[in-house]
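Undergrad: Pasting a predicted model and its sequence here:
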Protein chains: 2
Amino acid sequence: MAKPDSPRTIQAVEINLNIINFLHEHERARITEIANELEWTKGTIHCHLATLLENEYVVRDGEHYKLGLRYLELGESVKERLGVYDVVTDELDDLAEECDELVQFATEEHGRAVYLYKKGGERAVQTASSVGKREYLHCISLGKAILAYYPRERVEEIIDEYGLPGYTDQTITNREELFDQLETIRERGYAFDDEEKIEGLRCVAAPVKASKDEVLGAVSISGPSSRMTGERYREELPDKVTRSANVIEINTKFS
Amino acid sequence: MAKPDSPRTIQAVEINLNIINFLHEHERARITEIANELEWTKGTIHCHLATLLENEYVVRDGEHYKLGLRYLELGESVKERLGVYDVVTDELDDLAEECDELVQFATEEHGRAVYLYKKGGERAVQTASSVGKREYLHCISLGKAILAYYPRERVEEIIDEYGLPGYTDQTITNREELFDQLETIRERGYAFDDEEKIEGLRCVAAPVKASKDEVLGAVSISGPSSRMTGERYREELPDKVTRSANVIEINTKFS
DNA sequence: GTGATTGTTTGGAAGATGCAAACAATTTTG
DNA sequence: CAAAATTGTTTGCATCTTCCAAACAATCAC
C-alpha cells in the first residue's frame, strides 16, 4: 500500500535529531517549548532528553536544556578529519587583509555548499553566512568553482535533487547554460558570481584541488558591485584568489 | 521486578549515539565493522545510518561512513554559547608565549573537567589532552581551582559519582583532605598540582569567575617538575596564571 | 569459478515507544 | 492568599516501531 520505503528510517532517531536541531537553533529551551514546537507529547520529549543527558550529549541548566560540550569535541574531530582547516584559516586571514574584502572557504556536502570559514577585511561586506551555513551550488561562485570539476552525472544528480532556483534575474536557471558556464570555468580556472544570488554583490572563486579532478573546496572573494569593477574584478582579484587556492593546495599536500 | 527505571531511556537513541561515538573514534567505518563492535545486526546499523544520512548528520564515502559537517556547525554553536572562547584563545596564546610552558583552559560539565583549549610554548611538555578531553576534577589543578568555588553539596555529589581514584601517591584520595585543600585554594586564589595526576608534572591553575561564586572555568600552566621549582613554581607562575584568569574575566564581561 | 565476503532488503514477532492521564511542584492570576 | 494554570515527572497500556533472522545481489578472494 504505502511505497516500500527502503531505506527504512527510524522514527525515534529522527525525533532525537530534531531535538538536537532545535537546541542548536534556540541555544536553550525547556521541555514544553520543544514538545509544542516539534509536536510530540511532553512525556516523549522528556524521555528523549533523559537519554541525551545520560549520555552527556546535553546539559541541564535549571529548567532549560542546552547542547553539551561533546558537540565541540565532535566538531573538532570533523575539523581534523578535513585536514585543511588550519591551512585555510591562515591563508584566508592573509587574503582578507590583502584584498580588504570578504573572503570565504566552502566545500560541498550532500549536494550543497557548506561554509567552513570566513574573514572580513575592514571595509568588507557583512553577510549572514558563517560556519556551517548551507547554500545551493549553482548560484554562488564558490559552488560553481566546485561543480566545474565534478563529473557531469554528479552535477545532474545535484540539479535533480535541488533544481535551479532563481534569486535575481542573473541567476542561472537553465541546465545547459549552467553546463556551458562550468566548461568556461574549467578552462579559465576560476568562477564569477555577478549578482546571481544577491543584488549588488559580486564574487570570484577558485577551486582547491586535491588531485587532477578531486576538489576539496573553493576560496572566494566577495564585495559590492561598485567596488568590483573593471580590471580589479576581471583580473586582479581572480589572480589573487587563484593564488590563495594554490597556496592551500600545496600546504595541504605537505601536512 | 526490575527496578522502576525512570527516567526511562530510549534504546534506539542510545544505539544511534553509540554509532556517532564510534565514528568519532574511528574517523571512518563500514557497516559490518560498526555492527560487530557494537553488537547489533548489520540490518539494524544499516537503518540507523540511513536515518543519519537522510538528515545529513553523516556522510558516505564509498563503503565508509564519516561524521558530517553538521557537527562542525553544532560545535561552533556550542562555542558561541560559551561566550568566552575567543577571549580564552587570545589570552592563552599570550600566556603560552610568556611562560614557554603548556597552558590550558577547561570547564566543568557533568562532574568532570573538559579541556577547551591548549597552547604549548616552544619547549612545553606534550600531553595527550586536547579539545573535548575529559578528566576527573580532584587530581588536576584546573579541577581543584573550579571545585574550590562550588558549594559543598555539589562537590559531594561529584565525589559520590566518580569517587577519588588515585593516579600517583600524591593524588588526593581522602574526602576531608580534599575539602581542606579546596579551602586553602579559595583563600589563596589559585591551585597547585604537585605530580598528583602524572609523575614528574607540576601545574598551577586559577579560576575564571563570572560572579562572586559562579565559575566559568580555569586556566592552568603545566611543566616538568624539574623546571617547576622554587620561586617560579610558588610565586611567579601563580601570579601569571591569576593575571590571565583576570584578563579573561574582564574581557568576558565586556563582550 | 567457487566460497566467502560485502551491503541491502524483506517479513514478522516481540517489545520498545509514544500517548494519555494523573502526579507533585511551581508560578501566575485574580 | 487561595485558586487556577503552568510546569516537569511518572505511570500503565495499546500499538506501532524496531530489531532480528534470513535471503538477496554484488563484490571480492583465491
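TA: Arrived safely.

Undergrad: make it CA atoms for all contacts and neighbour counts henceforth
TA: Will do.

Undergrad: Flag every residue of the stretch 101-250 of chain A that's near chain B.
TA: Neighbours of chain B within the stretch 101-250 of chain A, by C-alpha under 8 Å from any C-alpha of the partner chain: A:109-110, A:114, A:131-133.

Undergrad: give the contact list for whichever residue of the stretch 151-255 of chain A sits closest to DNA strand D.
TA: The minimum distance from the stretch 151-255 of chain A to DNA strand D, using C-alpha to the nearest atom of the strand, falls at A:Glu153 (17.1 Å). Counting by C-alpha atoms under 8 Å, 6 or more residues apart in numbering or on different chains, A:Glu153 makes contact with nothing.

Undergrad: in what helix or strand does it lie?
TA: Following DSSP states H and E, one finds A:Glu153 within helix A:152-162.

Undergrad: After that helix, which helix or strand is next? Please name it.
TA: Tracing the chain C-terminally past helix A:152-162 and defining elements by DSSP H and E, one meets helix A:175-188 next.

Undergrad: picking that back up, if we only consider the residues of the stretch 101-250 of chain A next to chain B, which is nearest to A:Val103?
TA: For those, the residue nearest A:Val103 by C-alpha to C-alpha is A:Val131; the value is 12.8 Å.

Undergrad: Quick check: the closest one is in a helix.
TA: No - A:Val131: not assigned to a helix; according to DSSP: H, G, I helix; E, B strand; the rest coil it is coil.

Undergrad: ok, it touching A:Tyr115?
TA: Yes - here A:Val131 lies in contact with A:Tyr115, judged by C-alpha atoms under 8 Å, at a distance of 5.3 Å.

Undergrad: tally of neighbours for the residue in the stretch 101-250 of chain A positioned nearest to chain B?
TA: Nearest residue of the stretch 101-250 of chain A to chain B: A:Gly132, at 4.5 Å (C-alpha to the nearest C-alpha). By the criterion of other C-alpha atoms under 10 Å in any protein chain shown, A:Gly132 has 21 neighbours.

Undergrad: wait, isn't it in contact with A:Arg112?
TA: No - proximity of A:Gly132 to A:Arg112 does not meet the contact threshold set by C-alpha under 8 Å, at 11.0 Å.

Undergrad: before we move on, back to that, top of the residues of the stretch 101-250 of chain A next to chain B by neighbour count?
TA: A:Val114 (27 neighbours).

Undergrad: Helix or strand: which one has it?
TA: A:Val114 belongs to strand A:112-120, assigned by DSSP H and E.

Undergrad: got it, and A:Ala218?
TA: Residue-wise, A:Ala218 maps onto strand A:214-224 under DSSP H and E.

Undergrad: Could you do A:Val103 as well?
TA: Using DSSP H and E, A:Val103 falls in strand A:102-109.

Undergrad: residue ranges with poor pLDDT in the stretch 51-200 of chain A?
TA: By pLDDT under 70, the weakly predicted segments of the stretch 51-200 of chain A are A:129.

Undergrad: How many neighbouring residues does the closest residue to the residue of the stretch 101-250 of chain A closest to chain B other than its chain neighbours have?
TA: Excluding the flanking residues, the one nearest A:Gly132 by C-alpha to C-alpha, 6 or more residues apart in numbering or on different chains is B:Glu73, at 4.5 Å. The burial count assigned to B:Glu73 is 22, neighbours taken as other C-alpha under 10 Å.

Undergrad: In three-state terms, label B:Glu73 for me.
TA: Assignment for B:Glu73 (three-state DSSP): helix.

Undergrad: surely it meets A:Val131?
TA: Yes - B:Glu73 lies in contact with A:Val131 (C-alpha under 8 Å); the separation is 6.1 Å.

Undergrad: domains for chain A, by residue range?
TA: A:11-72, A:79-253 (automatic domain parsing).

Undergrad: so how far is A:Val114 from the residue nearest to A:Gly132?
TA: To A:Val114, B:Glu73 is 10 Å away according to C-alpha to C-alpha, to the nearest Å.

Undergrad: Quickly list what's touching both of these two.
TA: In contact with both B:Glu73 and A:Val114: A:131-133, using C-alpha under 8 Å, 6+ apart.

Undergrad: Keep the residues you listed, but drop any that are not near DNA strand D.
TA: Filtering these for proximity to DNA strand D by C-alpha under 7 Å from any atom of the strand leaves nothing.

Undergrad: Distance to A:Val84 for those - can I get that in TSV?
TA: TSV is the format used below for the shared contacts of B:Glu73 and A:Val114 (distance: C-alpha to C-alpha, whole Å):
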residue	distance to A:Val84
A:Val131	15
A:Gly132	15
A:Lys133	18
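
Undergrad: From those, pick the one nearest DNA strand D.
TA: Comparing these against DNA strand D with C-alpha to the nearest atom of the strand places A:Gly132 closest, at 27.6 Å.

Undergrad: mind checking the backbone torsions on the closest one?
TA: phi 90, psi -10 (degrees, to the nearest 10).

Undergrad: ok, now which ones touch it?
TA: Contacts of A:Gly132 (C-alpha under 8 Å, 6+ apart): A:114-116, B:69-70, B:72-73.

Undergrad: Spatially nearest residue to A:Pro238, not counting backbone neighbours?
TA: A:Val204 (6.1 Å).

Undergrad: Any idea what the one you found is bridged to?
TA: Bridge pairing for A:Val204 (DSSP bridges) gives the partners A:Phe192, A:Ile221.

Undergrad: my guess is it meets A:Asp193, correct?
TA: Yes - using C-alpha under 8 Å, A:Val204 is in contact with A:Asp193, at 6.3 Å.

Undergrad: okay, those two: which has more neighbours?
TA: Remark: of A:Val204 and A:Asp193, A:Val204 carries more neighbours, 28 against 23, as counted by other C-alpha under 10 Å.

Undergrad: Could you see whether DNA strand D lies near the helix or strand that contains A:Asn36?
TA: Applying DSSP H and E as the criterion places A:Asn36 in helix A:31-38. Yes - contact of helix A:31-38 with DNA strand D (C-alpha under 7 Å from any atom of the strand) involves A:31-33.

Undergrad: name the helices or strands packed onto the very next helix or strand once past that helix?
TA: Scanning forward in sequence from helix A:31-38 by DSSP H and E, the next helix or strand is helix A:42-54. For helix A:42-54, the packing partners by 3 or more C-alpha pairs under 8 Å, 6 or more residues apart in numbering or on different chains; DSSP states H and E come out as helix A:31-38, strand A:58-61, helix B:11-26.

Undergrad: Turn those into a markdown table, including mean neighbour count and distance to B:Leu95.
TA: What follows is the helices and strands packed on helix A:42-54, written out as a markdown table (neighbours: other C-alpha atoms under 10 Å in any protein chain shown; distance: least, C-alpha to C-alpha, whole Å):
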| stretch | mean neighbour count | distance to B:Leu95 |
| --- | --- | --- |
| helix A:31-38 | 15 | 42 |
| strand A:58-61 | 18 | 30 |
| helix B:11-26 | 17 | 31 |
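
Undergrad: will you turn the ones you listed into CSV that also has distance to B:Glu214?
TA: Output for those, formatted as CSV (distance: least, C-alpha to C-alpha, whole Å):
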stretch, distance to B:Glu214
helix A:31-38, 25
strand A:58-61, 13
helix B:11-26, 31
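
Undergrad: re earlier: quick one: list the elements packing against the strand holding A:Ala218.
TA: Taking 3+ C-alpha pairs under 8 Å, 6+ apart as the contact cut, strand A:214-224 packs with strand A:102-109, helix A:141-147, strand A:201-211, helix A:237-253.

Undergrad: Noted, bye for now.
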